[in-house]
Every structure is written in C-alpha cells, then in structure tokens.
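> I'd like to go over a predicted model; first the sequence, then the structure.
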Amino acid sequence: MVAWNNETNLVTHGRMERITPHNVCRWISIFMTTPLLPNLQGLALSVGNKLIEIPFREPVLKQYDVVTCIAPLFGSEQWQQALLAAHVYRRLLKANCCLYRFGTHMHLYVRSMVSPVYKLLKIYEEEGYLTIQPWLRITLRTISELQFNPNVNVEFRNQAAAQTDCLLQYKESASYIALMDLDDLLIPRMGDTYLEEFAHLFNSMPNVAYLHYGKENTKLKAVKTATQFNLMETMSSIQFVQVSETGKVVADPRYLNTTWIHFPVFIAKGMERYNVPLHVNAITHHKHVELFNLMETMSSIQFVQVSETGKVVADPRYLNTTWIHFPVFIAKGMERYNVPLHVNAITHLKHVELVTSINRSTLSQKVWFLPNTVVEVAEQELIEKRNINEIQKDFERMRNRADVAKILPSLPTSYVYLKAIAQCFQETFYKLHYSGRNAEIKCPGPDRCLFPRGVPCYNSVAEFHSIDDGSRINLHFATDAKFTEQDGCQP
C-alpha cells in the first residue's frame, strides 16, 4: 500500500484477516488493516509493477448513540415492514412534549427496490429516519458474465462485506452497532431505549465485545392498501409462533472490525461473546405477515415458538469485521455474550398476512413477549400500548405530508418478488440446510433466482474498473455508485 498527503508519503504492508468462516463459496470476504496518514489525499495498491490508485471514503463523523445496519435488500417491496422498522427504530427526538421511538439510526443497503417503495424511503431519508446506500452487484470488465458470474460465487449478495462496511463506517461515531435484517425487530426490555439496554449489558460485562440476540419468529397482519395502513393495528397483531432462528449481533465497535452474517468470526483478544438469554430479550422476526394499518400491524404481533439464528449488537471499539450472523474474530481478551431468550430476543416478522381490513375487536389489548425457551417467563408485554400509540402518532405525522400521501396509493398490494425469492431460496438453500444435506448446497444468493420483469425498480449501478496486468492479482472496483430506474429489479 502507498499513501500520501500534502506533506509526505508512506509505503506500508497490510495484514489480512478472513471474514467468511467456510469454503462453500469461491469468493470470500477478506479484511486488511494497515497504518495510513492523517489528512489522506491518495491511496494506491501495488499490483505487479504498477501502482493502482483506489477510491476511499472517510468514516461517518456525525455522532450516534446506536446505529442499526440492515442487510442488503434486493427486489424489496415489503413497504409495511420498512415503515414498521423506520418508526420503531427512529432516533429519540422530542415532539410535542413526548419522546417517540427507541433511539437508533437505520442504515439500509439496497441492491434493488420497487420504485414507489424507494421513493417513499427517500422521503424518510430526508427526514433523518434512515440512510440509503447503494450495494452493488459485482461486475468484472475482464470477463463476460456469461462465462463467469462472480455474483453466484458470493455468499448472500456479499452480506458479510456490507455488514463489515457499516461497522467500519460508524466505528468512530456510534457507541453501539446492531446488525439486523429488515424483518427483524429488537425492542428494548432492559431500559426505555436501545442505548440503555446495550449500555447495561456491556457495562456489566467489560470483556464482552458483542451481544448475540436470539431471533424469535412471529406472525402478524398488515393491510394491503397503503392508504388504510395503521401501525397500531399491525403491531397489536404480533404473535410468537415458538420457532427460533439464528440470531444477530449488537457490537461494541471498539472490539470488532469485521463480522459475518450472524456473528463475527474473530474478536479482539481477551474479549468474549455474550448470548442474551431468550427469556431476557430476543429479536422479533416478522416472518409471517398477514397483509392489513401501523397501529394494527404492531398490535397483531404473535410469537410462534420457533427460534432461528440471531443477530449481533457490537461495541465498535472491539470489532472491525463481521460475518452474516456474528464476527469470526474479536479483540483479544474480549468475549461474545448470548442474550438469554427470556431476557430479550429479536422479533422476526416472518409471517405477514396481507388482508383487506383488520377487525380491531379481534386484536389483543396487549402484545405478549412469548419466546421459545424452557425458562419460565412471567407475563410480560413485548411493547407497551403507550409506545405503540406514540409510534402510530409519528406515522400519522408522516402520512399527512403531501409528498408521502401522493406516493401511498402507488405502493404494491401484493409481493411479486417475495414469492419468487422465497421459493428459490427454499429450493436452493433452506430445504438442503434444514434437512442436513449441507454438502449439496451451492453458494447461496439471489443470483440463482429468476427475477420477474415488468415492474419499475430502482437498481444500484456504478462505473466499474478492472485492472489486469498479467500477475496473479486482478483488481476490480467501482466508483460513482447511485440508483437508476429500470424495468425490473436485479438480484
């Protein structure tokens, strides 16, 4: 590596770490660290006998208590889940004497999204609810995609790289970083805000680099028509279905630099992982959505007693990279903490039922926290009605904006891409994974799926560059990433 600024230059060698913890895919994520210079003006890689200047970005400087990084979205059309996440996660702000929401900034990585949903979320970005970043398919200028498609050789649209990118962007500006999917909802149970819950756990265990929250599948209802959508009704319909999945991570960024999909592969020496017990808290995975308004949607959440792989909340001081579910490496002396399910868990909005309307008399007066755990859990609410009411008020404020009201009638009433992707992933990955036939799994990802055309979509695009000097190293990178509207979403 060669770096320079106005005053001097530096030649240095990087230290590489592997992020992906398996060999299922031909292309994996690698993280390299090297000392550089202050006020950096240029950065180049030495490839063969050439110096190839490469683009670089400054980290985010704006300070946040908590940032929630959302895994890359593709063919994204589920606006109900996007609105639910945006209003629940939103950073704490005083409005009309009341504190709304639980206090985190949401960072979305987007490969492709149907046009009206993209236009709606751009308004939410302007309002400060979230940040939208293009996440690119890999394009090689040195070989035709018909001969070799790198995207079918990268795990789940390069999700580990996206999560690591988010971790590094906010490493110096966020106290804690949560790594989630859009249909995951983590509601604080050990404090009024995310900062209070995460600080309580991290401060009580100073050698923990990241928290691992379990993920609990739920079912809920949501109206198909956006003009009738009510968050209170939807949240009140949530029910736990007693199925758990692999969880996710909350990191202390001081001790993590990278992460995989569900957890980091490496953490700082001396640090640990803490698994949050399910009876303490869990991620609500909104996996089964019955399509019906924001209050109705939250009130409809039900736990279905199935747990899945969880997600991570990190202290960014101790992590630089992460995989999909957790970091592979953490800082020396640090640990992972698995949050017990009875303490808290991610609410996985896995089963969303689309309906034309919701009968409010059928909704529960309280949404109960019922994780899939052998630990006896006293009756506890997943989210209090006062919080649901405040979230609904915030949604109504946005809904009454002229630009939002103009877009709502154009939002999709059915999921074209969700159906195609779910069927494809079931055939190419989940059917094999859950039956123990892992040896038959090919590198999983959306590029193995057929995406319908005829739907206006915003796709991420960029100017791609490929350098091949005949050595063993080929260098490919992109500049000027942006979104463009096209016929159909790309995988």
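Arrived safely.
> how long is stretch 324-331 end to end?
End-to-end span of stretch 324-331 (C-alpha to C-alpha, to the nearest Å): 18 Å.
> So which residue is smack in the middle of the protein?
Ile70 (1.9 Å; C-alpha atoms, centre = their mean).
> How about the contacts made by it?
Counting by C-beta atoms under 8 Å, 6 or more residues apart in numbering, Ile70 makes contact with 85, 106-109, 180-182. Yep, even glycine has a C-beta here, placed from its N, CA and C like the rest.
> strands paired with the helix or strand harbouring it, and their directions?
Assigned by DSSP states H and E, Ile70 belongs to strand 64-73. Within its sheet, strand 64-73 is paired with strand 105-110 (parallel), strand 174-180 (parallel), according to DSSP bridges.
> possible to save the ones you listed as JSON lines with mean pLDDT and distance to Pro134?
Formatted as JSON lines, the strands paired with strand 64-73 follow (pLDDT from 0 to 100; distance: least, C-beta to C-beta, whole Å):
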{"stretch": "strand 105-110", "mean pLDDT": "98", "distance to Pro134": "6"}
{"stretch": "strand 174-180", "mean pLDDT": "96", "distance to Pro134": "19"}
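> looking at these, which is closest to Thr413?
Closest of the strands paired with strand 64-73 to Thr413 is strand 105-110, at 21.5 Å (criterion: C-beta to C-beta).
> And the closest one, how far out from the chain middle?
7 Å (C-alpha atoms, centre = their mean, to the nearest Å).
> ok, and what's touching the following helix or strand past it?
Remark: after strand 105-110, the chain's next helix or strand is strand 112-114, criterion DSSP H and E. By C-beta under 8 Å, 6+ apart, the list of residues contacting strand 112-114 from outside reads 73-77, 121, 412, 417, 455-460, 489-491.
> now do 7 Å
73-77, 412, 455-460, 489-490 (C-beta atoms under 7 Å, 6 or more residues apart in numbering).
> Can you tell me which of those residues comes closest to Pro340?
For the contacts of strand 112-114, the nearest to Pro340 is Leu73 (30.1 Å; C-beta to C-beta).
> Enumerate every residue touching the closest one.
Taking C-beta under 7 Å, 6+ apart, one finds 108-111, 113, 182 in contact with Leu73.
> Looking at those, which is nearest Phe429?
Among those, and counting by C-beta to C-beta, the member closest to Phe429 is Arg111, at 17.5 Å.
> Pull up the per-residue confidence for that closest one.
Arg111 is assigned 98 on the pLDDT scale.
> quick revisit: what two of the contacts of strand 112-114 are the furthest from one another?
Farthest apart among the contacts of strand 112-114 - using C-beta to C-beta - are Pro412 and Ser460, which lie 19.7 Å from each other.
> Which of these two has more residues huddled nearby?
A direct count of neighbours by other C-beta atoms under 10 Å for Pro412 and Ser460 places Ser460 higher, at 23 against 19.
> And the more buried one, which helix or strand is it part of?
Using DSSP H and E, Ser460 falls in strand 456-468.
> and for that strand, what are the contacting residues?
Residues beyond strand 456-468 that count as contacts (C-beta under 7 Å, 6+ apart) turn out to be 47, 52, 110-115, 118, 134-136, 139-142, 474-486, 488-490.
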